[in-house]
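Trainee: From the sequence below, what's the structure:
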Amino acid sequence: MDTRGSKFLAADALEDIGSNPTGNPTLADVLEERFGRRDVMRGLLAGALAGPALLSVRPAEAAEKGMAAAEGKPAFTFTEIAHGVDATHHVAPGYDARVLIRWGDPILPGAPAFDPMKQTAATQAQQFGYNNDFVGFAPLPRGSKSADRGLLCVNHEYTDEEVMFPGLGGEQGKANFAKMTRELVDIEMAAHGGSVVEIRKVKGVWTYDAKSPFNRRITAETEIAVSGPAAGHALLKTAGDPTGRRVRGMLNNCSGGVTPWGTWLSCEENVNSYFWGKLADDHPQAKAFKRYGIPANVFNWGQHHDRFDVNKEPNEANRFGWVVEIDPYDPNATPKKRTALGRFKHEACTLAVGKDGTVVAYTGDDERFDYVYKFVAKKKFNAKNRAANMDLLDEGTLYVAKFGANGTVDWLPLVHGHGPLTAENGFPDQATVLVHARLAGDALGATKMDRPEDIEVNQKTGRVYVVLTNNDKRKPEQIDAVNPRAANEWGQIVEILPIDGDHAAMKSEWRMLVRGGSPAVGGQFHAETTDNGWFACPDNLAADNHGRLWVATDQGTAWAKASGTADGIWAIETDGPRRGLSKMFFRVPVGAEMCGPCFTPDDRTLFVAVQHPATDGVDLWEGFKGKVSTFEDPATRWPDFKDGTPPRPSVVAITKTGGGVIGS
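Mentor: Numbers count the residues shown, from 1 in each chain. Presented below is the predicted three-dimensional model:
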């Protein structure tokens, strides 16, 4: 999620409080050392960075030799759509894009139909939540490869009250939440979290089953267990939970992942936004809170719920910012916050399984100048015994990345007693290392990155793609080969190659795939990329089952400056003579963000999440110039387009007209 967008504009300065104050080398420093400042400044490295020959070919790459790209043929044959912005969505010719499920649609037994004028917390807890982000598909029956029936696992990241509730007249943060009530806050809390919904394809059209026994809502009040090394630690104990092992709810769940054993990983991102008040400078946790940007006062929940007031319950903040594992096949199973994976602004968590069964989870910290991590599990994956894998993410080692000038990545262990991670330096035990993972990464000298968002493991090739969305705090003296411009609004995608296919190894290799933005501002794509094919601010990724890469963007309120087009989905080639060739496939309505691309096992359906339509930068659109979007007068009423109905975040199912593989 782009923290510049919607209500988060007001918290932009507060985000800097949580940014990295260390002198650790940035990727800019690494690139300058690797290639030399003169070449970096002159932009002479375009071919080297985008080309396929920067690093040696690894065995995993050979898996693509049968693909069309390796034969010199285009991997994608669809006709791309044009850049633009308007009130509705658009998809490539020959494809159908149908709304599958919307905010407020009933998904639990007895849930009422959506009535935007009669919202309550109780009804919202039975309906599909707000701002759908990550989308995962779990086939039904479990263990099958079904592509026509399954469970949709969806994160609900946050709420935009100005277009969600009648009578507010604009963003409440700007008015000190004058019109926000306890009742409205409770509805917001019920709209957060996640949904599990059974879906099926009938005569080529996807629909959801509102009466399925698998359906489930997780909210900001759902009981969630704390597991792993930090469970029960003093930093997680509160008046409401003196055990430090039970948390109410999950917050700001952005992207995520699906495990090989069929569970859903839901990642808590900008959790600092929910905490209210001001922690005293001499408080024992003042340093850590400043590093995490807590409190940000973006929501006013702390006015009505003491647990979100840092002066009344400071440890509550330590109970958020984790990866949550959920079993979609068991609606009664308690979700678990996996503390072994560390606490920070998780955008996503995706897994790779080695030949010996070693499980590796990649995750990033979505903040300017923060880090890329991976977790290596202690126990092996057991393909024949699902139960043996259910707590696999509780034991293992978390590592943080240091990118080298020689094209390597060193993975540094966040282990108590290792190097500076000692009691003398503020890390008395392993739980503290994990609760304060950012501080541990600082101490180890990890590389400061440009907002690491989604990290996707391409299961076909073994490569790992890291999305660096942007960094508008980059100064002129930091111009480099990755971002050869100050105030970077465009982003880039880095490719990590595990040496000899070993994701658990302590070294990897890295290279650049593309740099975002127009070629006029230093964007770098394949030379055949059209004026509609380049994109800015990559955010989420999906690798289809053919190994091809799909990119979702999030430009926030800066879309008019970054690209001039609404966000959307682009298909990008990663191999062969067309490496770096990008084509626009789908476009969202004005003010929306593109999230959650997810394929069915047969690649014949692409699910995408359209988040917060009618909010981000709508005043810059000619159709709504200079106006503020509200419930009564939104920039678009997508997808219903009915008077009196507000814009509704929705999941869209994209299929090929008449059937067939998406993109081919």
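
Trainee: For the closest residue to Ala383 other than its chain neighbours, which residues are in contact?
Mentor: Nearest in space to Ala383, with sequence neighbours left out and distances taken as CB to CB, 6 or more residues apart in numbering, is Pro260 at 7.5 Å. C-betas here are computed from N, CA, C, even on glycine. Pro260 makes contact with Leu351, Val353, Val359, Phe381, Ala383, Asn389 under the criterion CB atoms under 8 Å, 6 or more residues apart in numbering.

Trainee: Tell me where the stretch 451-600 of the chain has strands.
Mentor: 452-457, 464-468, 492-498, 507-515, 538-543, 549-553, 568-572, 582-587, 593-599 (DSSP state E, counting those that start in this stretch).

Trainee: Put together CSV for the ones you listed, with mean pLDDT, distance to Val271 and mean neighbour count on each row.
Mentor: Formatted as CSV, the strands of the stretch 451-600 of the chain follow (pLDDT from 0 to 100; distance: least, CB to CB, whole Å; neighbours: other CB atoms under 10 Å):
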stretch, mean pLDDT, distance to Val271, mean neighbour count
strand 452-457, 96, 16, 27
strand 464-468, 96, 20, 26
strand 492-498, 95, 25, 23
strand 507-515, 94, 29, 21
strand 538-543, 97, 18, 26
strand 549-553, 98, 22, 27
strand 568-572, 98, 27, 25
strand 582-587, 98, 30, 26
strand 593-599, 98, 18, 27
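
Trainee: For Gly170, find the nearest of those.
Mentor: For Gly170, the closest of those is strand 593-599, at 19.7 Å, according to CB to CB.

Trainee: who's in contact with that closest one?
Mentor: 1-2, 5, 132-137, 154-155, 255, 539-542, 544-545, 550, 552-554, 556, 567-569, 586, 588, 605-612, 616, 651, 662.

Trainee: now those residues: which count as buried?
Mentor: With burial judged by 16 or more other CB atoms under 10 Å, the buried subset of these is 1-2, 5, 132-137, 154-155, 255, 539-542, 544, 550, 552-554, 556, 567-569, 586, 588, 605-612, 616, 651, 662.

Trainee: related to what we said a few turns ago, between all of the contacts of Pro260, which two are separated the most?
Mentor: Based on CB to CB, the longest span within those runs between Leu351 and Ala383 and measures 13.4 Å.

Trainee: more neighbours, the two?
Mentor: Leu351 (23 against 12; other CB atoms under 10 Å).

Trainee: Pretty sure the more buried one sits in a strand.
Mentor: Yes - counting by DSSP: H, G, I helix; E, B strand; the rest coil, Leu351 falls inside a strand.

Trainee: bridging residues for it?
Mentor: Ala361 (DSSP bridges).

Trainee: Read off the pLDDT value for it.
Mentor: Turning to Leu351, the model gives it a pLDDT of 98.

Trainee: Could you check how far it is from Leu549?
Mentor: Noted for Leu351: a distance of 17 Å to Leu549, by CB to CB, to the nearest Å.

Trainee: same thing with Gly644?
Mentor: To Leu549, Gly644 is 41 Å away according to CB to CB.

Trainee: about what we covered before: just want to check the distance between the residue nearest to Ala383 and Asn389.
Mentor: The gap separating Pro260 from Asn389 is 8 Å, by CB to CB.

Trainee: list residues touching both of these two?
Mentor: Residues touching both Pro260 and Asn389 by CB under 8 Å, 6+ apart: Phe381.
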